[in-house]
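Chemist: Output the structure for:
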Amino acid sequence: MDKKIILITGSRKGIGRYLVEYYSGKEYKVLGFSRQESDYKSENYSHFCIDIGDDKLVKHIFSEIRKKYGRIDIIINNAAINPSISPFILIPADTIKRVYTTNVFGLMNSCREGIKLMIKNNYGRIVNLSSMAVKHEIYGETIYTSTKAAITSFTRVLAKEVIKNGITCNVIAPSAIPTDLSLTVDQNALNEVLKRNAINHLGRMEDVSNTIDWLIKDESNAITGQVIYLGGV
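Modeler: Sure, this is the predicted structure:
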């Protein structure tokens, strides 16, 4: 297969859905992971219903990908949930575990299994999505913010471990972009937070794809372990 293979998690809606459509329209074979079926259809797109927090299922799906395609070139870890915006002491333990399972452990699962395939070709690009919340430390978002901070540290260390295998790992932290996830946030509070940015309005999907385009270029093999905040955070 001449087309590069790109895997996008959280592919059914929001930023993930946008990226699926964007890269399916380019010279890529796109694989999408989400818990539910997607209504997006393209000859360049294959969808997998999967909970990335289930490590056994992730291993099985990656085994199927290896058999069918033989490799993965790019992983964009976009899947994330933020079901509870409230003071920490009011958040149930089960909710905390659920957020960490998807946002952190799920991302680690896809990185681990994806890297195994990338090593065989001595090439790979991993882009993990974080959030401006890490910088702004927003009231009521202790759990979501801490998961995104964990992703940052994880990615920076992982970058040092796998660069010898031709694999780069970077983080993009968008400003708030209109999605189902951002709509769960109090809009007045969100606007107050946006005022802290150099660009104090909502971001665009194109901001994310433009940055990913740069990071996944073959020529970007010296860019790794970086955290790119969009919107002048």
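Chemist: For the rest of this, base every contact and every neighbour count on C-alpha atoms.
Modeler: Noted.
Chemist: Tell me how far the helix ranked longest in the chain lies from the chain's centre.
Modeler: If you go by DSSP state H, the chain has its longest helix at helix 142-162. Distance of helix 142-162 from its chain centroid, counting by CA atoms, centre = their mean, to the nearest Å, is 12 Å.
Chemist: Can you tell me the strand partners of the helix or strand following that helix and which way each runs?
Modeler: Later in the chain than helix 142-162, the nearest helix or strand by DSSP states H and E is strand 167-173. Using DSSP bridges, the strands paired with strand 167-173 in its sheet are strand 124-129 (parallel), strand 227-229 (parallel).
Chemist: Show residues contacting strand 167-173.
Modeler: By CA atoms under 8 Å, 6 or more residues apart in numbering, the residues outside strand 167-173 that reach it are 118-119, 122-132, 152, 155-156, 158-159, 162, 208, 211, 215, 221-230.
Chemist: circling back to that earlier point, between strand 124-129 and the longest helix of the chain, find me the angle.
Modeler: For helix 142-162 against strand 124-129, the angle by axes from the mean of the first three to the mean of the last three CA atoms, to 10 degrees is 160 degrees.
Chemist: Remind me what helix 142-162 packs against, helices and strands.
Modeler: Under the contact criterion of 3 or more CA pairs under 8 Å, 6 or more residues apart in numbering; DSSP states H and E, helix 142-162 touches helix 93-100, helix 133-136, strand 167-173.
Chemist: Include mean pLDDT, distance to residue 81 and mean neighbour count when you put the ones you listed into CSV, please.
Modeler: Listed next are these as CSV, based on pLDDT from 0 to 100; distance: least, CA to CA, whole Å; neighbours: other CA atoms under 10 Å:
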stretch, mean pLDDT, distance to residue 81, mean neighbour count
helix 93-100, 97, 6, 15
helix 133-136, 90, 14, 17
strand 167-173, 97, 15, 26
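Chemist: Could you provide the ones you listed in CSV, with additional columns for distance to residue 82?
Modeler: Shown next, in CSV, are these (distance: least, CA to CA, whole Å):
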stretch, distance to residue 82
helix 93-100, 7
helix 133-136, 12
strand 167-173, 15
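Chemist: Quick one: closest of the strands paired with strand 167-173 to residue 86.
Modeler: strand 124-129 (22.4 Å; CA to CA).
Chemist: Could you find the closest non-adjacent residue to residue 129?
Modeler: Distance criterion CA to CA, 6 or more residues apart in numbering; nearest residue to residue 129, sequence neighbours excluded, is residue 172 at 5.0 Å.
Chemist: how much space is there between the one you found and residue 95?
Modeler: Residue 172 is 25 Å from residue 95, where distance means CA to CA, to the nearest Å.
Chemist: So that I can see them in PyMOL, could you write out a selection of the buried residues among the contacts of strand 167-173?
Modeler: To isolate the buried members of the contacts of strand 167-173 in PyMOL, using 16 or more other CA atoms under 10 Å:
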select buried, resi 118+119+123+124+125+126+127+128+129+130+131+132+152+155+156+158+159+162+208+215+221+224+225+226+227+228+229+230
